[in-house]
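1. Coordinates only, no sequence provided:
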């Protein structure tokens, strides 16, 4: 039965063709698998729950067993996101295995956290997540959000320590390329910190130690179905941190259409779904035109309410008392869940759920937990040569040669090289280098020149001179943007990536403002993730802060947010020229540059605290 038939009460509730003697019917009541044997390896409707008009409650209605097409059922809902919940031992893994098998034509990415879990034996290639962990310092906002998801639950979201933590994380991560850099910068920051700030920094220092993974791999993964096995990472926090980072990387690729119509499945999803900072919140709302999000966890209550509402299908096995209380809004569904037997489940989002609910069961064929050999993912491990000073560079010359010859004919000595200190020569594609830097953060020419000079062992002047023409070319191609920016009282030209999914100009400004507020001892209640339209970028007890880059054509969403609060609103812009654009937003609105923020708010803050 497909979607249209499943929601048709007349077809679902049709009586069996052969009526069984009462004693047999009672005996088979508790052994539905005996009369459903012909549906092995599939899901079928075992019975239905309907209102009992005589007794005023609900009752079980026997019906003719029918095979059900869950694929058709899921795909015909406008929202293809699926949650699978239920207490341990009820059959969630059986159903998951079945659903993956019927969606096997989809590119499927599975996140698995348990050693030797059933997802590792589905015949889908498996890779040890330790071998392909993303660089934590590529995106400081993702770094901060992943850290908070891993180390803070929803119950601590207003704690004093958490108020300061995001700002410190973004500030220190923006100046780091490795964990060694991060720890060094953190120690430097502690020397100038207040007592309260030192406590927060000490907590970061202790927590980060569990995130530093020795012998991290650098394998390259192609598109295609894969299972990421996080069980080899040493702590639960490390597993959650890198899973969150990897989710953000994959979802960015989906937004950029590098991956199309992908099914992402998260087992043990409660690790992430309890946090307001996880990317799963955004994905559950916005993934529909890019793919599907499926999550598996024991309890509905483990999924934040805002996220829970974004799953169009909620396959539910037997639940605990806390979850049953959540179903009080629909007594029929609550009753149905209460009487479920192992392997039986319902969809609590069933379209006709106030009138009747079919009860599904997966009929095992005995192969679901067969010990299939784990299939290793095909990866490529870039070879490295050690250069002067022990620096390793990727040198897969066969691949490099093919890449060059795919564009033009060439000869062996053609690549241009710049000779650095000690005679070290490295190919320096300044366009690529600039885009790589700007994919991580906003930056200016002098800073980028310094980074490139240190990387390749050339002088800063050499790097900056070549970089100037590369930046101009990228700007003309609309790959990067630039904006006038006040930095330490001096005007500079700040560059940022114009990739549709990188907002590093906004993120960089937000990070700087958080750092200033932390230095002033301002308690921050909330730092919004980039892209949250309904919330201010930074919220405190005394004022709200909104970061405006000047790149948006409309200010309607900003005006709506200003109307929603009685507190003072501070709008931060990158330069003085943009102050006039935002000056008429209301009497309680101040428009400032980052340079003027500290002096402008210090005195009013002192008065408010008095």
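-> That came through fine. Predicted model only: the values in this text are computed from it and were never measured.
2. Where do the helices of the stretch 351-500 of the chain begin and end?
-> Here the stretch 351-500 of the chain has its helices, by DSSP state H, counting those that start in this stretch, at 397-405, 430-438, 445-456, 460-476.
3. Out of those, the one nearest residue 192 is which?
-> The minimum distance between residue 192 and the helices of the stretch 351-500 of the chain falls on helix 445-456, with 21.6 Å, by CB to CB. From N, CA and C alone the C-beta is placed, and that goes for glycine too.
4. Go through that closest one and flag the buried ones.
-> Residues of helix 445-456 classed as buried: 445, 447-449, 451-453, 455-456 (neighbour count, 16 or more other CB atoms under 10 Å).
5. and those residues as TSV, adding distance to residue 507?
-> Converted to TSV, these look like this (distance: CB to CB, whole Å):
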residue	distance to residue 507
445	20
447	16
448	17
449	22
451	18
452	22
453	25
455	23
456	27
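6. Present these as a markdown table; the columns should include distance to residue 565 and pLDDT.
-> A markdown table is the format used below for the buried residues of helix 445-456 (distance: CB to CB, whole Å; pLDDT from 0 to 100):
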| residue | distance to residue 565 | pLDDT |
| --- | --- | --- |
| 445 | 39 | 87 |
| 447 | 36 | 86 |
| 448 | 38 | 87 |
| 449 | 42 | 87 |
| 451 | 40 | 86 |
| 452 | 44 | 85 |
| 453 | 46 | 84 |
| 455 | 45 | 79 |
| 456 | 49 | 79 |
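7. Quick one: neighbours of residue 557, just the number.
-> The number of residues packed near residue 557 is 12, by other CB atoms under 10 Å.
8. now the one 3 residues further on
-> For residue 560, the tally of surrounding residues (other CB under 10 Å) stands at 11.
9. By mean pLDDT, which helix or strand of the protein comes out lowest?
-> strand 384-386 (a mean of 38; mean pLDDT, DSSP states H and E).
10. May I have the beta-bridge partners of residue 569?
-> Residue 569 has these beta-bridge partners by DSSP bridges: residue 544, residue 589.
11. For residue 528, see how far away it is.
-> Using CB to CB, to the nearest Å, residue 569 is found at 14 Å from residue 528.
12. what is in contact with those two at once?
-> residue 536 (CB atoms under 8 Å, 6 or more residues apart in numbering).
13. returning to what we had before: how about the helices of the stretch 351-500 of the chain, which one is nearest residue 487?
-> Closest to residue 487 of the helices of the stretch 351-500 of the chain is helix 445-456 (CB to CB; 10.0 Å).
14. Next, the angle from that closest one to helix 430-438.
-> Inter-element angle recorded for helix 445-456 and helix 430-438: 110 degrees (by axes from the mean of the first three to the mean of the last three CA atoms, to 10 degrees).
15. Next, the angle from helix 445-456 to helix 460-476.
-> Using the same axes, to 10 degrees: helix 445-456 against helix 460-476 is 120 degrees.
16. which residues does residue 574 contact?
-> 483-486, 494, 505, 509, 549-550, 593-594.
17. quick one: the longest strand seen in the chain to chain centroid distance?
-> For the chain, the longest strand by residue count, based on DSSP state E, is strand 42-52. Averaging C-alpha positions (CA atoms, centre = their mean, to the nearest Å) puts strand 42-52 36 Å from its chain's average.
18. So which elements touch the helix or strand just after that strand?
-> Once strand 42-52 ends, the next helix or strand along the chain (criterion: DSSP states H and E) is strand 57-61. Identification of packing neighbours for strand 57-61 by 3 or more CB pairs under 8 Å, 6 or more residues apart in numbering; DSSP states H and E yields strand 42-52, helix 331-338.
19. Go through the ones you listed and name the closest to residue 286.
-> That would be, of the helices and strands packed on strand 57-61 and by CB to CB, helix 331-338, which comes in at 27.5 Å.
20. For the helix or strand just after the closest one, which outside residues touch it?
-> Counting by DSSP H and E, the element after helix 331-338 in chain order, helix or strand, is strand 344-347. Outside strand 344-347, the residues that touch it by CB under 8 Å, 6+ apart are 32, 46, 49, 73, 86, 90-91, 95, 313-317, 333, 336-337, 340, 353, 357-362.
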